[in-house]
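**Student:** would you be able to build a 3D model of this:
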Amino acid sequence: MDMRLEVVVLPVSDVDKAKQFYESLGWRLDADFVGEGGFRVVQLTPPGSACSVIFGSGVTSAAPGSADGLQLVVADIDAARAELVGYGVDVSEVFHDAGGVFHHSGPQARVPGPAPEHKSYGSFASFSDPDGNAWFLQEVTTRLPGR
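**Tutor:** Residues are numbered from 1 along each chain as shown. Here you go, the predicted structure:
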């Protein structure tokens with residue numbers, strides 16, 4: 001049976017501020033539903049993604065800003081970073097991990113610049129939404145077999 005990840009719930013403190021932020025990145029607004037008792041669900045999808053994010057009022061008990069390590073895969077890390085900077089987002093410089101496999105938690109073991117020879121899966125940049133939910137850009141130029 002196929003099991004596709006299609007929605008990730010983000011904990012936010014201000015629904016309208018979060019909606020404005022993600023729309024400013026060029027993400028498609030799929031839904032903005034208001035229910036009874038202050039319940040609200042907003043869904044947006046990054047360009048080219050089959051997975052959306054949902055946030056709102058009454059959709060999660062997680063603390064605003066507690067999502068960490070969300071990954072956006074891009075074909076060109078430098079171009080993606082420049083695009084986000086152009087939208088006014090504070091994005092880290094491109095980095096790779098000293099171990100060369102995946103980035104560590106936090107800033108430890110970060111080496112400035114892209115992975116040697118822009119090795120696929122090895123280059124990253126990070127940014128956060130207004131609540132501090134932490135996102136990473138990851139450059140993938142050649143997928144591993146079966147992907």
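**Student:** please look at residue 12 and residue 129 and confirm they touch.
**Tutor:** Yes - Residue 12 is in contact with residue 129 according to CB atoms under 8 Å; the separation is 7.4 Å. Bear in mind the C-beta positions are built from the backbone N, C-alpha and C, glycine included.
**Student:** higher neighbour count, the two?
**Tutor:** Remark: of residue 12 and residue 129, residue 12 carries more neighbours, 28 against 22, as counted by other CB atoms under 10 Å.
**Student:** that one: what's it in contact with?
**Tutor:** Neighbouring residues of residue 12 by CB atoms under 8 Å, 6 or more residues apart in numbering: 18, 55-56, 64-65, 129-131, 133.
**Student:** circling back to that earlier point, list residues touching both of residue 12 and residue 129?
**Tutor:** The contact sets of residue 12 and residue 129 overlap at 18, 65 (CB under 8 Å, 6+ apart).
**Student:** just the strands in this protein please.
**Tutor:** 7-9, 28-34, 40-45, 52-57, 68-74, 95-97, 110-112, 123-128, 134-139 (DSSP state E).
**Student:** which residues are contacting the first one?
**Tutor:** Just to be clear, that refers to strand 7-9. Contacts for strand 7-9 (CB under 8 Å, 6+ apart): 43, 51-55, 59-60, 62, 67, 70.
**Student:** could you redo the last one with a cut-off of 7 Å?
**Tutor:** The contact list for strand 7-9, computed with CB atoms under 7 Å, 6 or more residues apart in numbering, reads 51-55, 59-60, 70.
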